[in-house]
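**Student:** Fold the stuff below for me.
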Amino acid sequence: MPEPSDLALLESCVRGAGEIARKFYGSEFKRWDKAGGSPVTEADLAVDAYLKENLLAARPGYGWLSEESLDNPARLASARVFVVDPIDGTVAFVKHRPHFTICAAVVEAGRPLDAVVYNPISEECFTARRGGGAFLNGMAIHVADRDTIAGARMLGPRTTFESGWPQMQITSFSSIAYRVALVADGQHDAMVSLSVKRDWDLAAADLIVQEAGGVLTDEAGAKLIYNRAAATQRASIAAGPKLHALLLAHLRQKEGLASRPASA
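**Tutor:** Sure thing, here's the model as predicted:
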């Protein structure tokens, strides 16, 4: 039997991990806070262990980068790397809110090649392969074609939009990957996050929104590069091309106004 493609492997393993997450969800489980104060649960670790065992068994030559695994610098020398977030949106998971996802991507030369973002409660499985389009449960998806900020269906922390923004419909989910995937599907127009994130938060969703015709960049308009020594991303803005350009211009204007002297 031929070896499954990387995308087929990712989807099979992520769906299997979803079964584990569902068993924990809504039940009693152990949880604690990591050094930085963010929560982690035994479900995060169980999903991470399952994905690591099954993905690396199928692709032993690939590197590994995951939120819940000790980082191994050997990944930097690997041609391809699995970038995984066992549960993106642990806060939602802990509060029994169905807005968390399991994310996995294959990254090569700093950019994702194949990606899956899966919400195991809503059964939304977003998939993408570079150059092959983006899909939700097998159906092709595309970003919205909005060209105005006012009235946009925006995903992000409400505090980000407290001043200097036009009126918008603002929704916030703790899983940033889920936010980006919902933009890819056109359910929302844009996503803005100005806080530091990690590679595993964004790598899979990045490819999905790109393949859905959208754009995801940092606040300077540059594509995000993954699998560097410091696996961090400063900010992320996702939207259709027209709205994305308007959001970048708006952010630059806000930054320029903020940097002026008070007398200006």
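
**Student:** pLDDT weak spots in the protein?
**Tutor:** Filtered on pLDDT under 70, the chain yields the residue ranges 1, 257-264.

**Student:** center of it, which residue is that?
**Tutor:** The chain has residue 177 as the residue nearest its centroid, 2.6 Å off, counting by Cα atoms, centre = their mean.

**Student:** wait, isn't residue 112 in contact with residue 203?
**Tutor:** Yes: between residue 112 and residue 203 there is a contact under Cβ atoms under 8 Å: 5.1 Å. Heads up, the C-betas are built off the backbone N, CA and C, glycines and all.

**Student:** ok, the two, which is more surrounded?
**Tutor:** residue 203 (31 against 28; other Cβ atoms under 10 Å).

**Student:** Isn't that one up against residue 108?
**Tutor:** No: judged on Cβ under 8 Å, residue 203 makes no contact with residue 108 at a distance of 11.1 Å.

**Student:** follow-up on the earlier one: wait, is the residue nearest to the centre of the chain part of a helix?
**Tutor:** Yes: secondary structure of residue 177 (DSSP: H, G, I helix; E, B strand; the rest coil): part of a helix.

**Student:** how much space is there between the spatially closest residue to it that is not a sequence neighbour and residue 108?
**Tutor:** Counting by Cβ to Cβ, 6 or more residues apart in numbering, residue 177 lies nearest to residue 205, which is 4.1 Å off, once chain neighbours are set aside. Distance, residue 205 to residue 108, by Cβ to Cβ, to the nearest Å: 17 Å.

**Student:** What ranges does the stretch 101-250 of the chain have for its strands?
**Tutor:** Assigned by DSSP state E, counting those that start in this stretch, the strands in the stretch 101-250 of the chain fall at 101-108, 111-119, 124-129, 134-136, 139-140, 153-155, 169-171, 190-193, 197-198, 215-217, 232-233, 236-239.

**Student:** Spit out the contact partners of residue 23.
**Tutor:** Going by Cβ atoms under 8 Å, 6 or more residues apart in numbering, residue 23 touches no other residue.

**Student:** Make sure it is indeed in a helix.
**Tutor:** Yes: counting by three-state DSSP, one finds residue 23 located in a helix.
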